[in-house]
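Peer 1: predicted model and sequence follow; I will ask about them next.
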Amino acid sequence: MKINILSLIFLLAIIPLIKAQTIPYKDTSLSPEIRTEDVLSRMTLEEKVTQLSGLGKGQGEFGNSNVGIFGTPGNERLGIPKLVMGHGITGVRSGRDTTVNSTYMMTPIGIAASWDTELYERAATAVAKEMVALNQNLNLGTTLNIIRHPLGGRNWESFSEDPYLTSRFGVTYVKAMQANGIICGPKHFVANNQERHRFDINNVVDERTLREIYLPGFKAAVMEGGALNIMGAYNRLNGTYMCENKWLLTDILRKEWGFKGFVLSDFANGVQSTVPSALAGLNVEMHGTKYYGDKLIAAIKNGELDESVVDQLLREKLWVMFSMGVFDKKWKQPKSIVHSDAHKKIALDVARKAAVLLKNDDAILPLNQSKIKKLAVIGPNAKRTSDHPTYYYMQGGGSGRTYHFKNAINNPVDEIKSIAKNTKVIYALGCTVSNKSRETGDKKKLEDQQKIKADKEQDKKLIYDAVQLAKHVDAVVLVVGLHGGLETEGWDREHPYLPGSQVELIKQVSKVNPNTVVVLTGGSFIDVSEWIDDVKGVLYHFYCGEKIGQAMAEILFGDVNPSGKLPVSFPKSIEQYPEGSILIHPIGYSKSNISNIYSEGIFVGYRYFDKAQEDMRFPFGYGLSYTTFDYSQLEVKKINNTFKVTVTITNLGHIDGDEVVQLYVNDQKSSIERPVRELKGFARVSLKAGESKKVAFTLKEDAFAFWSPNTKQWTVESGEFIIEVGANSRDIKLSKTIKID
Ligand code: BGC
């Protein structure tokens, strides 16, 4: 009897296996192509269409669970798994469930300031593993949009104003994510460069500008990184909504670049039509079902659309799911990996490299503990207060932020206290945290104004206290800047200055204490003109994960030598930007027919300032160190169709340090106007005191090419090119002229 039951159990257990063998799409030994065709052939039209819309019944249903609207539905009958989406841009943001915490690892702008793609690979790998541990399989990111204007709300969530720097970080990220089981979806394709009117703005961009500035990041992510997903942007481009833009979604993305993955729309307002979107190649509508679903079925039934279009849209999605092991639940990570010590250590590495030393008169930094017996640490960002909006302290706002563990973010004050063993550290708030820069309608504006008035009153007292303290200490560190309530998805910043009373605080404190250092924390350009001459030192510590406080303390006291460089230009004033490079409009979104003409063309960021010969406060690529470096022996050798560039870098100082060496190319004579210089290579090199190292770069044909509007092709014209190697875009140390035939 016993034997019989056992045999029965055995039989029941192997039946699914026998069945699986006869069902090709369940057979893991078959190729993703065969499995895709097989499962597709078993689906009804309704089942297929269901797979092409995101979860959530309609706009506005955000849900609170781990998945919420962040996924596509599964199919129980066929065993098709859900896609579970998350944001792995700074750490893991899991749906809207704030109880699912992760390591707050990095920000795009912060990691770009490190110019360290090897570090980014480690950081992105760690985030991918945490996503897997939290049961996610698709990453809605990262942002590859170019920083076109210093007030863009999502600048902190982007890498740079430069397409080459953006491409290198984009490729690194996509590879790290997908090598660890996460389908990676760079966004927002394309020309999504401002937040005001983001749902409907019509960006007018000529083809050369698209090809040279706004597309290269996506192209590299697809062609080099192998990205298997792309998110279509909300905006229109030259009159056509991006999610129904066939030229970009099909002709360029798939046909030219060979993209084999699937495109999903940005959420809620990304899709504007049924048939045009399907024909353009938009695979999945996010979130909920607004234009696909029944409307797609109806379009097929009434002959507007052939079912083969739906098959193709789904084929691409299913193929990715098979290829990435989603059907086979291939990827697993233990929950214990989330916020593990190893991951926190990587976050610390990121934070150490994401700080840019902007000014250091009289070598005020690093602070000397034998001279500074009493130190005042002052400022609203020196410590998280209840005034900082939740999750917005030391990071930007919107979907890219992380729901990190409570108290995970180091407070600079506490970390400074623990490092400065021989120095007495005294803290003062200095002024209130300003969180009132968003445009949220007239009512909110009125409330904001009342709050601003109340804060101003309070600030008088706080600044007075700070000044009294500053008078009696040997040095002052002021930690001021921005936070996620001020620079965030949905809203561009209103002005480039420090918000609230922070400028007043700096001015008054620096008047009574000559040894004042300002640490800025934020994710984009801050105009420093009003106060920079009053202080001896300025460090810009870009948002960079939960270890920012510790890294800041280590840099201030010299345990770590700062090595970051600016991934964006810092002009003297925002007025120096070309007119019309952003639309400033007083109230939030508008459905009116707003066009933004990208009239500056390819001259974005330093390309513009170089052409206009504008004086910079701090040029693109700028950053100081506690040591100095020498550049020598620049050599350029032609090897077949490439140029090998080598240069020797020497650390001239008495302490170890890292230098970010930058390589720019300049076309001497061209049939078309070209930038004064363009970044085409960079390398971070670590040098012990006194040490020299040779750094090598390879320049391929594309480093010399421009997009010809006439021939509609990448073109390299013969003639002379200058190869420049330097410490930043305005500090070229060595150059050599080469000839291309
Ligand atoms: C943002 C996307 C984001 C999505 C889901 C949209 O509003 O633009 O970047 O991935 O929401 O949160």
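Peer 2: That came through fine. Numbers count the residues shown, from 1 in each chain.

Peer 1: residue 638 reaches residue 738, doesn't it?
Peer 2: Yes: with contacts counted by CB atoms under 8 Å, residue 638 reaches residue 738, the gap being 7.5 Å. Glycine gets a C-beta too; all of them are placed from N, C-alpha and C.

Peer 1: in contact with whichever residue of the stretch 101-250 of the chain sits closest to the ligand, which residues?
Peer 2: The ligand sits closest to residue 140 of the stretch 101-250 of the chain, with a gap of 3.9 Å, by CB to the nearest ligand atom. Residue 140 sits next to 70, 85-87, 185, 187, 231, 399 when contact means CB atoms under 8 Å, 6 or more residues apart in numbering.

Peer 1: go through those residues and name the one nearest residue 455.
Peer 2: Nearest to residue 455 among the contacts of residue 140, counting by CB to CB, is residue 399 at 28.3 Å.

Peer 1: which ones are touching the closest one?
Peer 2: 87, 93, 140, 489.

Peer 1: just the pLDDT for it.
Peer 2: pLDDT recorded at residue 399 is 93.

Peer 1: the one 5 residues further on now?
Peer 2: We note a pLDDT of 86 for residue 404 in this prediction.

Peer 1: against residue 205, how distant is the nearest residue to it once chain neighbours are set aside?
Peer 2: Residue nearest to residue 404 in three dimensions, not counting chain neighbours: residue 104, with 3.8 Å by CB to CB, 6 or more residues apart in numbering. According to CB to CB, to the nearest Å, residue 104 stands 34 Å off from residue 205.

Peer 1: what's the answer for residue 135, then?
Peer 2: Separation of residue 135 from residue 205 (CB to CB) stands at 39 Å.

Peer 1: compare the two (neighbour count), which wins?
Peer 2: When neighbours are counted by other CB atoms under 10 Å, residue 135 and residue 205 differ, and residue 205 comes out ahead with 21 against 18.

Peer 1: report the contact partners of that one.
Peer 2: 191, 214, 237-238, 598.

Peer 1: and what of residue 512?
Peer 2: Counted by CB under 8 Å, 6+ apart, residue 512 has contacts 467, 470-471.

Peer 1: same question for residue 530.
Peer 2: Residue 530 sits next to 497, 503, 507 when contact means CB under 8 Å, 6+ apart.

Peer 1: could I get the contacts of residue 512 as CSV with neighbour count?
Peer 2: Shown next, in CSV, are these (neighbours: other CB atoms under 10 Å):
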residue, neighbour count
467, 18
470, 25
471, 13
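
Peer 1: just the ones of these in helices?
Peer 2: The helices, defined by DSSP state H, take in 467, 470-471 from these.

Peer 1: ok so, going back, by neighbours, which of the contacts of residue 399 wins?
Peer 2: residue 93 leads the contacts of residue 399 on contacts (other CB under 10 Å) with 29 neighbours.

Peer 1: pairing partners for that residue in the sheet, please.
Peer 2: In this entry, residue 93 is beta-bridged to residue 87, by DSSP bridges.

Peer 1: you'd agree residue 380 is up against residue 428?
Peer 2: No: the pair residue 380 / residue 428 is not scored as a contact, 10.4 Å apart, by CB under 8 Å.

Peer 1: more neighbours, these two?
Peer 2: Higher neighbour count among residue 380 and residue 428: residue 380, with 31 against 23, using other CB under 10 Å.

Peer 1: what parts of the protein come near the ligand?
Peer 2: 140, 187, 266-267, 399, 489 (CB under 6 Å from any ligand atom).

Peer 1: tell me the domain ranges of this protein?
Peer 2: Residue ranges for the domains of the chain, per automatic domain parsing: 349-583, 627-740.

Peer 1: now the last one: mean pLDDT?
Peer 2: Confidence over domain 627-740, taken as the mean pLDDT, stands at 97.

Peer 1: ok, stretch 484-493 next?
Peer 2: 89.

Peer 1: run the chain-centre distance for that stretch.
Peer 2: Centroid separation for stretch 484-493 versus its chain: 14 Å, with CA atoms, centre = their mean, to the nearest Å.

Peer 1: related to what we said a few turns ago, who has more neighbours, residue 638 and residue 738?
Peer 2: Neighbours were counted for residue 638 and for residue 738 using other CB under 10 Å; residue 738 has more, 18 against 12.

Peer 1: quick one, phi/psi of the closest residue to the ligand within the chain?
Peer 2: With CB to the nearest ligand atom, the shortest gap between the chain and the ligand falls at residue 399, namely 3.5 Å. For residue 399, the backbone dihedrals (degrees, to the nearest 10) come out as phi -70, psi -20.

Peer 1: contact partners for residue 358?
Peer 2: Residue 358 touches 528, 538-540, 570, 618, 622-624, counting by CB under 8 Å, 6+ apart.

Peer 1: just to revisit the earlier point, would you list the contacts of residue 140 in JSON lines and tack on distance to residue 389?
Peer 2: What follows is those, written out as JSON lines (distance: CB to CB, whole Å):
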{"residue": "70", "distance to residue 389": "22"}
{"residue": "85", "distance to residue 389": "24"}
{"residue": "86", "distance to residue 389": "22"}
{"residue": "87", "distance to residue 389": "18"}
{"residue": "185", "distance to residue 389": "27"}
{"residue": "187", "distance to residue 389": "24"}
{"residue": "231", "distance to residue 389": "26"}
{"residue": "399", "distance to residue 389": "15"}
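
Peer 1: pLDDT weak spots in the protein?
Peer 2: 1-6, 8-21, 57-66, 435-446, 580-593 (pLDDT under 70).

Peer 1: go with 50
Peer 2: In the predicted model, the chain carries pLDDT under 50 at residues 1, 58-64, 437-441, 584-590.
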